[in-house]
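S.K.: Sequence plus the predicted model coming up.
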Protein chains: 2
Amino acid sequence: MRSANSDDDLPEVPLPPWRKARKSSQPRPQLSRELIVDTGLRVLDAEGLDALSMRRVAQELGTGPASLYAHVSAKEELLELIYDRVLGEVRLPEYDPSRWLTLLRQCALELHRVIVGHADVARAALASIPTGPNALRLSEFMFGLLVDAGMPPRDASLAFDRIILYVCADAFEGSLHYPRMKALGHTRLSEYFHMYVSQIEEYFTSLPPDRFPHLSEHARVLVADGGEARFRYGLDLLFDGLAARMPAGGDRPGS
Amino acid sequence: MRSANSDDDLPEVPLPPWRKARKSSQPRPQLSRELIVDTGLRVLDAEGLDALSMRRVAQELGTGPASLYAHVSAKEELLELIYDRVLGEVRLPEYDPSRWLTLLRQCALELHRVIVGHADVARAALASIPTGPNALRLSEFMFGLLVDAGMPPRDASLAFDRIILYVCADAFEGSLHYPRMKALGHTRLSEYFHMYVSQIEEYFTSLPPDRFPHLSEHARVLVADGGEARFRYGLDLLFDGLAARMPAGGDRPGS
DNA sequence: TACTTGACACGAACACCGTTCGCCACTAAA
DNA sequence: TTTAGTGGCGAACGGTGTTCGTGTCAAGTA
């Protein structure tokens, strides 16, 4: 595999018998679903989703791409498995329906944190309908919280779905900058963002004020807040709406 | 190009001089950005984003993929142009800040309608930072509405951003079913959805009730509502939160 | 102990993809 | 009429996901 010797057709030497021993001393790579998912996640964390190809994972495992298909039906399945493994890192608080709003908010923030922490796994998150064990665990927790707090199951289903969508969508949008940054050759995230924000602001400022009065005037604030503030603002909007819909109201002081 | 005559290497006849006239009567295919964007959108509408390759567009235009790069720097740019062309279909209501909530909601619904109407253009929508003329037109309208209604520009910026994200994210999520449906060989959308919903419901029902009491009990309602109801529910959540934040409150009777 | 069986590993290939290079035909200016 | 230059485009490069057929090893059976 590592070249070195010439692997031509004609055997230069009648291959000594102990060659067989060498091969069996290197037992079997023991491929398995878990090992493949582990490796895939490692590649994704280190180099991003674009670098996560079947060939790349196979290479990391010292084999060819065909070997993976014995344990994983397709790349899509591999991505779903990786996503569910990531969801395993989500730590759930103690279950207490009387504090449903606080806990639900905590879940959303935690989910967001975990997803954002794994490069651009969000791109895989939005694309898959998650049915893995860790996704179920999280779903049961959040959906149950809403139901047990007194929300009609149908509303709870919708609300839960919208929260997850929002969290994943925000993480996804943020992850789009990741490949861009690499393409521009930047290695420092702050440096990239500074450049990016300046460009957008400059563009908005340069717009004709007669056709785009608000955009050109407020160019600065349009790019002022970074990802985390934007995320929290939208989350607050959603949860305020939710609290107003819950029969018993919210659980935090002041609402 | 249209076959018909045999375009072999050897000329069957010493090609008469008036052949030259024929060629110049068919001047040049007159490739242009607009023509390429038109064709791309047509392919996308007819066969989905997965089928939209540079080769496919070129083939539709009766040429090779290399020809496109004279007018479009990369596929990503083509997608952005297509998306902005789609945004051109968004019809804006009459500007009236005193009815900001109604109009903003109308914009969101209209944008959603237009995006969903173009197969899975949503996948391109979320992936690009829209700076085309039609995107600016829409941004100026919605952002201006919030500012002129009395919202501090910084909040207006955040709110506007979140609304767009939500609309696009929902359309995106819905568009994911599109390739799946094709992969399963279904041609009727309703038929596919019926099968899909049944499967999910069955799966949730079959979950162990001791570990997933809420999911297994409420399996039916978890899949009850289709895309449109889910979308409106989330939009209402957002707008309720927004109205509560606007200094002058909402504009609709009852809020 | 010898043989069979079956599952896994994997090289090679297929059909695509986005993109670039370099040649060609052609138009417009000189 | 010559020349310069531009846009169209065939061919190729280096990648992708996936499949087929073969090889090889470990365990079960006689």
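M.R.: It's in. Everything numeric here is computed off the predicted structure, so don't read it as measured data. Residues are numbered from 1 along each chain as shown, chains lettered A, B, ... in the order given.
S.K.: ok, now how distant is residue A:200 from DNA strand C?
M.R.: 22 Å (CB to the nearest atom of the strand, to the nearest Å). C-betas here are computed from N, CA, C, even on glycine.
S.K.: repeat for residue A:159
M.R.: As judged by CB to the nearest atom of the strand, residue A:159 and DNA strand C stand 38 Å apart.
S.K.: how many other residues sit next to that residue?
M.R.: Counted with other CB atoms under 10 Å in any protein chain shown, the neighbours of residue A:159 add up to 24.
S.K.: Could you figure out how far the helix or strand containing it is turned away from helix B:153-175?
M.R.: Secondary structure assignment for residue A:159, by DSSP states H and E: helix A:153-175. If you take axes from the mean of the first three to the mean of the last three CA atoms, to 10 degrees, helix A:153-175 sits at 110 degrees to helix B:153-175.
S.K.: Report the mean per-residue pLDDT for stretch A:163-177.
M.R.: Averaged over stretch A:163-177, pLDDT sits at 93.
S.K.: That one near chain B at all?
M.R.: Yes. Counting by CB under 8 Å from any CB of the partner chain, chain B is contacted by stretch A:163-177 at A:165, A:166, A:168, A:169, A:170, A:172, A:173, A:176.
S.K.: For that stretch, give me every contacting residue.
M.R.: Residues from elsewhere that reach stretch A:163-177, judged by CB atoms under 8 Å, 6 or more residues apart in numbering or on different chains: A:49, A:104, A:108, A:111-112, A:115-116, A:119-123, A:125-126, A:142, A:192-193, A:196, A:227, A:230-231, A:234-235, A:238, B:126-127, B:129, B:165-166, B:168-170, B:172-173, B:234.
S.K.: So which of those are in helices?
M.R.: Those of those mapping onto helices are A:104, A:108, A:111-112, A:115-116, A:122-123, A:125-126, A:142, A:192-193, A:196, A:227, A:230-231, A:234-235, A:238, B:126-127, B:165-166, B:168-170, B:172-173, B:234, per DSSP state H.
S.K.: of those residues, buried ones?
M.R.: Buried by 16 or more other CB atoms under 10 Å in any protein chain shown: A:104, A:108, A:111-112, A:115-116, A:122-123, A:125-126, A:142, A:192-193, A:196, A:230-231, A:234-235, A:238, B:126-127, B:165-166, B:168-170, B:172-173, B:234, out of those.
S.K.: Check those residues one by one and keep those near DNA strand C.
M.R.: When those are checked against DNA strand C using CB under 7 Å from any atom of the strand, none falls in range.
S.K.: who's in contact with residue A:215?
M.R.: Contact partners of residue A:215, counting by CB under 8 Å, 6+ apart, are A:204, A:207, A:222, B:136, B:139, B:140, B:143.
S.K.: where does chain A have low pLDDT?
M.R.: Applying pLDDT under 70 to chain A flags residues A:1-29, A:249-250, A:252-255.
S.K.: tell me the domain boundaries of it?
M.R.: As assigned by automatic domain parsing, chain A contains the domains A:18-72, A:90-245.
S.K.: what's the span of the last one from first residue to last?
M.R.: For domain A:90-245, the first-to-last residue distance is 27 Å (CA to CA, to the nearest Å).
S.K.: So residue A:92 sits against residue A:137, correct?
M.R.: Yes. With contact defined as CB atoms under 8 Å, residue A:92 reaches residue A:137; the gap is 7.5 Å.
S.K.: So for these two, which sits in the more crowded spot?
M.R.: Using other CB under 10 Å as the criterion, residue A:92 and residue A:137 rank with residue A:137 on top: 17 against 14.
S.K.: could you list every residue that touches that one?
M.R.: Shown in contact with residue A:137 (CB under 8 Å, 6+ apart): A:87, A:92.
S.K.: go on, residue A:207?
M.R.: By CB under 8 Å, 6+ apart, the contact set of residue A:207 is A:215, A:216, B:136.
S.K.: Considering only those residues, which also neighbour DNA strand C?
M.R.: Among these, proximity to DNA strand C is found for none (CB under 7 Å from any atom of the strand).
S.K.: need those residues in TSV with distance to residue B:56 and secondary structure, can you?
M.R.: Formatted as TSV, the contacts of residue A:207 follow (distance: CB to CB, whole Å; DSSP: H, G, I helix; E, B strand; the rest coil):
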residue	distance to residue B:56	secondary structure
A:215	35	helix
A:216	39	helix
B:136	29	helix
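S.K.: I'd like those written out as a markdown table, with distance to residue A:75 added.
M.R.: Formatted as a markdown table, these follow (distance: CB to CB, whole Å):
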| residue | distance to residue A:75 |
| --- | --- |
| A:215 | 40 |
| A:216 | 44 |
| B:136 | 37 |
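S.K.: Where does residue A:131 sit: helix, strand or coil?
M.R.: Residue A:131 carries the three-state label coil when classified by DSSP: H, G, I helix; E, B strand; the rest coil.
S.K.: Would you check how far apart residue A:121 and residue A:41 are?
M.R.: For residue A:121, the distance to residue A:41 (CB to CB, to the nearest Å) stands at 8 Å.
S.K.: Check residue A:122 too.
M.R.: Distance of residue A:122 to residue A:41, computed by CB to CB: 14 Å.
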